[in-house]
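Q: attaching a predicted model along with its sequence, questions to come.
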Amino acid sequence: MGGRAWSTIAVHDAIAQWALRLIRERADAAETARKRACKKFSNRRVHKLRTQSRRLRAALEDLCDCLPHAEDLMECSHTVGDATGKVRDATVLIEQLERYHRFSFFEERAEIEKLERVLKRRRKKCTGEAKEAVRHIDLKVKA
């Protein structure tokens with residue numbers, strides 16, 4: 001994490017309160033996205049979870065001294081990114097191949113379809129691992 005420039009600011013200061021509020025808002029948004037992804041692990045919800053987790057991580061990197069357990073929350077946020085990265089990467093590649101497939105020549109289609117099948121199998125395997133990891137992560141701010 002960064003230096004300890006914020007450590008001299010008392011918790012009751014307006015800037016520290018703002019920073020804490022921002023971290024809480026981002027953590028709440030990430031936790032909501034995590035819960036939604038646990039209910040239905042769709043491509044859209046995985047993307048939303050990754051985005052909210054990244055926004056939380058950005059706030060924590062800059063404002064970590066305003067939150068006593070920032071390192072724990074940062075680690076959970078990294079875990080979300082690691083757990084869902086392969087699923088998201090495969091999804092993006094599959095979507096690109098599907099778009100390319102529509103405009104490809106007949107000779108190219110067999111190779112594109114073969115690659116799509118490989119990526120879909122990989123995504124399915126990674127989805128199971130990601131679901132399990134995301135289910136056990138806590139992105140809430142501890143009091």
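A: Yes, it's here.

Q: for residue 43, see how far away the residue positioned nearest the centre of the chain is.
A: Against the mean C-alpha coordinate of the chain, by C-alpha atoms, centre = their mean, the closest residue is residue 50 at 2.0 Å. Applying C-beta to C-beta, to the nearest Å, the value for residue 50 to residue 43 is 11 Å. Glycine gets a C-beta too; all of them are placed from N, C-alpha and C.

Q: state the helix or strand in which residue 117 lies.
A: Taking DSSP states H and E as the criterion, residue 117 maps to helix 106-135.

Q: buried stuff in that helix?
A: By 16 or more other C-beta atoms under 10 Å, the buried positions in helix 106-135 come out as 116, 119, 122, 123, 126, 127, 130, 131, 134.

Q: so which of the residues you listed is the closest to residue 84?
A: residue 130 (4.9 Å; C-beta to C-beta).

Q: my guess is the closest one contacts residue 89. True?
A: No. In this structure, residue 130 is not within contact of residue 89 by C-beta atoms under 8 Å, at 11.4 Å.

Q: what's the pLDDT at residue 1?
A: On pLDDT, residue 1 comes in at 45.

Q: cool, and residue 53?
A: 96.

Q: ok, it touching residue 88?
A: No. If you go by C-beta under 8 Å, residue 53 and residue 88 don't touch, sitting 11.4 Å apart.

Q: quick one: which of those two has more around it?
A: residue 53 (28 against 18; other C-beta atoms under 10 Å).

Q: element containing that one, please.
A: Secondary structure assigned from DSSP H and E places residue 53 in helix 43-63.

Q: show me which positions of that helix end up buried.
A: So, applying 16+ other C-beta under 10 Å, buried residues of helix 43-63: 43, 45-50, 52-53, 55-57, 59-60, 63.

Q: that older thread, report all helices and strands that the helix holding residue 117 contacts.
A: helix 14-39, helix 70-103 (3 or more C-beta pairs under 8 Å, 6 or more residues apart in numbering; DSSP states H and E).

Q: could I get the ones you listed as JSON lines with mean pLDDT?
A: Formatted as JSON lines, those follow (pLDDT from 0 to 100):
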{"stretch": "helix 14-39", "mean pLDDT": "92"}
{"stretch": "helix 70-103", "mean pLDDT": "93"}
